[in-house]
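Student: Structure for this input, please:
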Amino acid sequence: MMGEFRDALAAPGLAAIAEVKRRSPSAGDLRPDADPARLAAAFAGAGAAAISILVDERFGGSIDDLRAARAATSAPLLAKGFFTEQLALLELKRAGADAALLLLRDVDDARAADLISYAQHIGLELLVEAHDAEELERAIVLGADVIGVNARDLSTFEINRAGQLDLVARCRGHAGVLVAESGIHSRAQGATAEAAGADAILVGSALMQADDPRAKLEEILSRPLVKVCGLTRLEDVDAAVDAGADMLGFILADESPRRAAEVLPVPDDRLSVAVFVGEAGDADADLVQVYAREEGRVRGRDAVLLRDGKAVAQVVDLPWQEQDPVHLQRAAAATGRVMLAGRLGPDNVRDAIRAVHPWAVDAASRLETEPGVKDHDKVRAFVAAAR
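Tutor: Numbering: from 1, shown residues only. Modelled structure (predicted):
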């Protein structure tokens, strides 16, 4: 069944389901005074594809919260709770839900199929949630249109984002919509789910704990991502993180004057990128960037950004130590996710973003005092200009 909820999540780019919940069993009180009507309207205005409303009292919610949100916004509403009966789905539909959560942990396949069929009958979409490989396979066999992969173990409340992303990546090419749920607090973490193959993310606690939930959602969804590359020192990594960079790049090509000895540690809410020339080598990094090899030069012109060997973006760069008067036009004509590189700095990145609308921007040489040593003022200025 196609519907407004699914269609909103399947739109180009990374979609977000913004969640309203007053508390959680794992974290306790999050926002006890949360007003679902005000928040639903704010999240819709900030670009949320859909709004999730917790209607279970264990999360401080009720079905009246769903009704209040419905009165405040026309955005698709997802009702979240623990639903195993047809009557509960009908009540949610009548209260204004466009979709409801179905936890495969709580029902067998026969019951799940019955609820999916009944939901289709009453015009209610379902987000069918899986927590492990077995449940994910069940969701696919059941023909779920929207599948959520939750990083949180609902028994222990522990977060396993690596396991979640591996499950999402297994479903690349699946006809349904994939939603990465839980554990997303930053723009880079959302982009990691996107790179793994998620069509959408569900964000709750990060928004409820923020001073300004709307601004936090806008931050997570904003593009371009900002990459500071050519890092060789921990103090420069720290400066880039403090400035707000999303990706930290480490060049592992012997020919480069900015060669790093290794991929240095980065915080969990950022992405590390290992950069190679010719072919990817072994590196403990979230993503790998591989340039073509070109005789007589340190690298070829363009590169590809990979996650687990699969392309997630193309890097449109300048030729090594050369200019190109139509570089930005060339980048703007590229399709798919584009990381724009090539002599970017604080003075020109804003105009480049306006011209290209890239998924990410990448700078190295113009943020230095010497190759491999960053000028922290330039790093801060570059990140600020890219925002």
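Student: For the stretch 1-150 of the chain, which segments count as strands?
Tutor: With DSSP state E, counting those that start in this stretch, the ranges of strands along the stretch 1-150 of the chain come out as 15-20, 23-24, 28-29, 50-54, 77-80, 99-103, 125-130, 146-150.
Student: pull the CA atoms of the last one into CSV?
Tutor: Once side chains and other backbone atoms are set aside, the C-alpha atoms of strand 146-150 remain, and they are given as CSV (Å, rounded to 0.1, in the frame of the first residue of the first chain):
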residue,chain,number,x,y,z
VAL,A,146,8.2,0.8,5.5
ILE,A,147,10.7,-1.0,7.6
GLY,A,148,12.3,0.5,10.7
VAL,A,149,15.7,-0.8,11.9
ASN,A,150,16.1,0.1,15.6
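Student: Report the mean confidence score over that strand.
Tutor: The average pLDDT within strand 146-150 is 95.
Student: Check which helices and strands it is in contact with.
Tutor: Applying 3 or more C-beta pairs under 8 Å, 6 or more residues apart in numbering; DSSP states H and E, we find strand 146-150 packed against helix 4-9, strand 125-130, helix 133-141, helix 161-170, strand 177-181. In this view, the C-beta of every residue, glycine as well, is placed from N, C-alpha and C.
Student: So which of those is nearest A240?
Tutor: Nearest to A240 among those is helix 161-170; the distance by C-beta to C-beta comes to 21.7 Å.
Student: thinking again about what came up before, may I see the helices and strands packed on strand 146-150 organised as JSON lines, with mean pLDDT added?
Tutor: Output for the helices and strands packed on strand 146-150, formatted as JSON lines (pLDDT from 0 to 100):
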{"stretch": "helix 4-9", "mean pLDDT": "97"}
{"stretch": "strand 125-130", "mean pLDDT": "97"}
{"stretch": "helix 133-141", "mean pLDDT": "95"}
{"stretch": "helix 161-170", "mean pLDDT": "90"}
{"stretch": "strand 177-181", "mean pLDDT": "96"}
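Student: Let me have those in CSV, extended by mean neighbour count and distance to H357.
Tutor: As requested, the helices and strands packed on strand 146-150 are arranged in CSV below (neighbours: other C-beta atoms under 10 Å; distance: least, C-beta to C-beta, whole Å):
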stretch, mean neighbour count, distance to H357
helix 4-9, 21, 21
strand 125-130, 26, 30
helix 133-141, 17, 34
helix 161-170, 19, 25
strand 177-181, 26, 24
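Student: Which residue ranges of the stretch 251-387 of the chain form strands?
Tutor: Secondary structure of the stretch 251-387 of the chain by DSSP E, counting those that start in this stretch: the strands cover 271-277, 287-291, 303-307, 310-316, 338-340, 360-363, 368-370, 373-374.
Student: For stretch 77-94, what does the pLDDT average out to?
Tutor: Stretch 77-94 shows a mean pLDDT of 97.
Student: again, but for stretch 292-300
Tutor: Model confidence over stretch 292-300, given as mean pLDDT, is 93.
Student: and if you look at stretch 21-36?
Tutor: Stretch 21-36 comes out at a mean pLDDT of 89.
Student: Please identify which of the strands of the stretch 251-387 of the chain is closest to T232.
Tutor: Once the strands of the stretch 251-387 of the chain are compared by C-beta to C-beta, strand 373-374 is nearest, at 7.3 Å.
Student: okay, the nearest residue to E135 once chain neighbours are set aside: pLDDT?
Tutor: Of all residues not flanking E135 in the chain, L104 sits nearest, at 4.5 Å (C-beta to C-beta, 6 or more residues apart in numbering). Confidence at L104, expressed as pLDDT, is 97.
Student: Wait, L104 touches I140, no?
Tutor: No. Taking contacts as C-beta atoms under 8 Å, L104 lies outside contact range of I140: 11.0 Å.
Student: about what we covered before: among the helices and strands packed on strand 146-150, which is nearest A274?
Tutor: Comparing those by C-beta to C-beta, helix 161-170 comes nearest, at 17.0 Å.
Student: For that closest one, output the C-alpha coordinates as PDB.
Tutor: The C-alpha trace of helix 161-170 is given here as PDB (Å, rounded to 0.1, in the frame of the first residue of the first chain):
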ATOM      1  CA  ARG A 161      24.600   1.600  15.700                       C
ATOM      2  CA  ALA A 162      27.100  -0.500  13.900                       C
ATOM      3  CA  GLY A 163      24.800  -3.500  13.900                       C
ATOM      4  CA  GLN A 164      21.900  -1.300  12.800                       C
ATOM      5  CA  LEU A 165      23.900   0.100   9.900                       C
ATOM      6  CA  ASP A 166      24.900  -3.300   8.800                       C
ATOM      7  CA  LEU A 167      21.300  -4.400   8.700                       C
ATOM      8  CA  VAL A 168      20.300  -1.300   6.700                       C
ATOM      9  CA  ALA A 169      23.100  -1.900   4.300                       C
ATOM     10  CA  ARG A 170      21.900  -5.500   3.700                       C
END
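Student: Which neighbouring elements make contact with that helix?
Tutor: Looks like helix 161-170 contacts helix 133-141, strand 146-150, strand 177-181, helix 187-196 (3+ C-beta pairs under 8 Å, 6+ apart).
Student: Give me the residues contacting the third one.
Tutor: Outside of strand 177-181, the residues within contact range by C-beta atoms under 8 Å, 6 or more residues apart in numbering are 6, 9-10, 17, 127, 129, 145-152, 164-165, 168, 171, 193, 196-202.
Student: Next: the longest one.
Tutor: For helix 187-196, the surrounding residues in contact (C-beta under 8 Å, 6+ apart) are 14, 16, 161, 164-166, 168-169, 180, 183-184, 201, 203, 219-222, 225, 246-247, 269-271, 286-287, 307, 312-313.
Student: one more time with 6 Å, if that's ok
Tutor: If you take C-beta atoms under 6 Å, 6 or more residues apart in numbering as the criterion, helix 187-196 is touched by 14, 165, 168-169, 180, 184, 201, 220, 225, 246, 269-271, 307, 312.
Student: Thanks a lot, see you next time.
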